[in-house]
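Novice: structure of the sequence below:
(one chain, ligands or ions: 1)
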Amino acid sequence: MSQDSRRWKKHTKRTDNTEKERKHETVANSKKARDEKTLLPSRDVVSTCNEFLPWLQQKAGIEISSVLTIGNSIYGRSLFASKFIQAGDCILKVPFSVQLTPDNVLPEIRSLLGDNVGNVARLAIVLLVERKMGEDSGWAPYISSLPQAGELHSTIFWSKKELEMVRQSPVYKETINQQTQIEKEFLAIRPALDRFPQIFEDITFKDFLHAYAVVGSRAWGSSKGLSLIPFADFLNHDGYSEALLLGDEHKQVSEVIADRDYDPGEQVLIRYGKFSNSTLLVDFGFTISYNTYDQVQIWVSIPEHDPLRIMKLELLDKHRMQTITNTNDVDSSGHSFIIKEVRSSRGKGKGIPQSLRAFVRVLSASSPQELKDLEMEAAKNDGRLARRPLKDMSREIQAHQILLSQIVHLIQEYDASIKRLRPVNLPSIDRQLSLRRRMAHDLLTGELRVLKSAYAWLTSYCYTLSTGNVHPSAPG
Ligand SMILES: C[S@@+](CC[C@H](N)C(=O)[O-])C[C@H]1O[C@@H](n2cnc3c(N)ncnc32)[C@H](O)[C@@H]1O
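Specialist: Numbering: from 1, shown residues only. As a prediction, the model looks like this:
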């Protein structure tokens, strides 16, 4: 891929992390994508698709793609190679002029929207206006191609009972927070909508929620804040693909460069971002069965009965490890850490986050002197608190065992939640519930895998400290 990094900007769905991918997984996934080849466009899809690209090209005044066609796959609509594509080829080019952005909100409505109305809500308003215009909309073919009510599976649409399936995961609280946020935004825009009864008279919260989720699952971050990019948004996600949607500010187009060769008929996939299943589920309404970007949020706090609690909190605060108060629970204030899959404890790969290990070292202190020693050590080194193993080996082991016991507890809870989900594919339950159960299963098993890897790392670390030997089950 040859790109001028000064001109090119990666369109983002959310901030990427920088975790490296494993080569064998990339290969396995390329095979999966090749297997998709069998899912060629069905006839009804072909007729809609035959009209869509010519319509968009006419609107844009340029050719958007000569190598892709729209078809159907197990992921819904998708783009397929219509000719042989070589790695490095530009496979589509969508001009900014045929993208929908928050700037498309009618000026008379825009002037009534406050700063508290974000870009997703603004784009949702654009979709509602265009949908209301029906065939008179200049975007009618695009609007009618978007998913209908009932076709989206983001957790914000899950019933209370369905959400119970993922209560164990941070997705549960994230979903509730997002639902609250969308309700707030709807209340904030309602007065503006009420000024245009001819357009919005019959718009309900449900309509807004649907439009909001359509934007959330299809729009890309761009220089306009957010952009819906017709045609490119038929591309499905493959976490191992190196192909990204890029924006060229100079040429005013969004482009995709093929990351590998494709035979005619193969489904072309890109990577939306290095997203965990929790992000994919909340924002896009799908999961993948083995997601290397999975992660778990660990919530740790200093017990109320700890006589050194105030001193510890002050020390953490002073070293920028601030306590978070969880507004959803009365009794939860603490510190939150993200754990990703932990690889070997013997040098290679990522271990437990240093900040979490520092926290448990502070947590394990049993005298004011130990806390003072930690503070002095930080001042003598790079200023960061408790980043080195504690000098007292038994205290270092104890600190990590505190974390280990919390992880063991979480593993038991995840195990129990997963057991309650089984079997995931009961023929007697409806398709939607079966699909959502499978997603809940993917989510929980991915998070459990991360927890188990952290457990293995910690067990091995404590064993090595206490015996001086490498743990027998440690990878070689
Ligand atoms: C940008 S759209 C892609 C086009 C979409 N398939 C359609 O029918 O319009 C994103 C949506 O496609 C689906 N999707 C994309 N990649 C997927 C994947 N790897 N597995 C399952 N669903 C996927 C999800 O429904 C997601 O919200």
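
Novice: when you work out contacts or count neighbours from here on, use the C-alpha atoms and nothing else.
Specialist: OK.

Novice: how many residues are close by Val67?
Specialist: 17 (other Cα atoms under 10 Å).

Novice: I'd say it and Ile85 touch.
Specialist: Yes - under the criterion of Cα atoms under 8 Å, Val67 makes contact with Ile85 at 7.2 Å.

Novice: is any residue of stretch 127-145 near the ligand?
Specialist: No - no part of stretch 127-145 sits near the ligand under the criterion Cα under 6 Å from any ligand atom; the closest distance found is 7.2 Å.

Novice: ok, now how distant is Thr467 from Leu404?
Specialist: From Thr467 over to Leu404 the distance is 18 Å, taken as Cα to Cα, to the nearest Å.

Novice: specify which residue of the two has the higher count of neighbours.
Specialist: The neighbour count for Thr467 versus Leu404, taken as other Cα under 10 Å, is higher for Leu404 (20 against 9).

Novice: what helix or strand is the more buried one on?
Specialist: If you go by DSSP states H and E, Leu404 is part of helix 393-421.

Novice: before we move on, the earlier item: who touches both of Val67 and Ile85?
Specialist: Jointly contacting Val67 and Ile85 under the rule Cα atoms under 8 Å, 6 or more residues apart in numbering are Ile91.

Novice: any weak-confidence spans in this structure?
Specialist: The chain contains residues with pLDDT under 70 at 1-49, 322-333, 344-350, 422-429, 471-476.

Novice: hey, where'd the strands end up in it?
Specialist: Assigned by DSSP state E, the chain shows strands spanning 8-10, 68-73, 76-81, 90-95, 220-222, 225-227, 236-237, 245-248, 253-257, 269-270, 295-300, 324-325, 333-340.

Novice: tabulate the ones you listed (a markdown table), appending distance to Glu51 and mean neighbour count.
Specialist: Shown next, in a markdown table, are these (distance: least, Cα to Cα, whole Å; neighbours: other Cα atoms under 10 Å):
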| stretch | distance to Glu51 | mean neighbour count |
| --- | --- | --- |
| strand 8-10 | 29 | 17 |
| strand 68-73 | 10 | 23 |
| strand 76-81 | 14 | 22 |
| strand 90-95 | 16 | 21 |
| strand 220-222 | 24 | 21 |
| strand 225-227 | 22 | 21 |
| strand 236-237 | 20 | 19 |
| strand 245-248 | 23 | 23 |
| strand 253-257 | 21 | 21 |
| strand 269-270 | 22 | 22 |
| strand 295-300 | 42 | 18 |
| strand 324-325 | 52 | 13 |
| strand 333-340 | 44 | 18 |
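
Novice: tell me which of these lies nearest to Leu106.
Specialist: In terms of Cα to Cα, the element of these nearest to Leu106 is strand 225-227, at 15.9 Å.

Novice: domains for the chain, by residue range?
Specialist: What the TED database lists as the domains of the chain is 40-284, 295-423+430-467.

Novice: buried residues, stretch 376-386. List them.
Specialist: Buried residues in stretch 376-386, counted by 16 or more other Cα atoms under 10 Å: Glu377, Ala378, Arg384, Leu385, Ala386.

Novice: who are the contact partners of the last one?
Specialist: Yep, that's Ala386 we're talking about. Neighbour list for Ala386: Arg357, Ala358, Phe359, Arg361, Val362, Leu374, Glu375, Glu377, Ala378 [criterion: Cα under 8 Å, 6+ apart].

Novice: swap in the fourth one?
Specialist: By Cα under 8 Å, 6+ apart, the residues touching Leu385 are Leu316, His319, Ala358, Leu374, Glu375, Glu377, Ala378.

Novice: ok, it to the ligand distance?
Specialist: Look at Leu385 and the ligand: by Cα to the nearest ligand atom, to the nearest Å, they are 41 Å apart.

Novice: offset the numbering so it begins at 827, please.
Specialist: Noted, 827 is the first residue going forward, which turns the last one into Leu1211.
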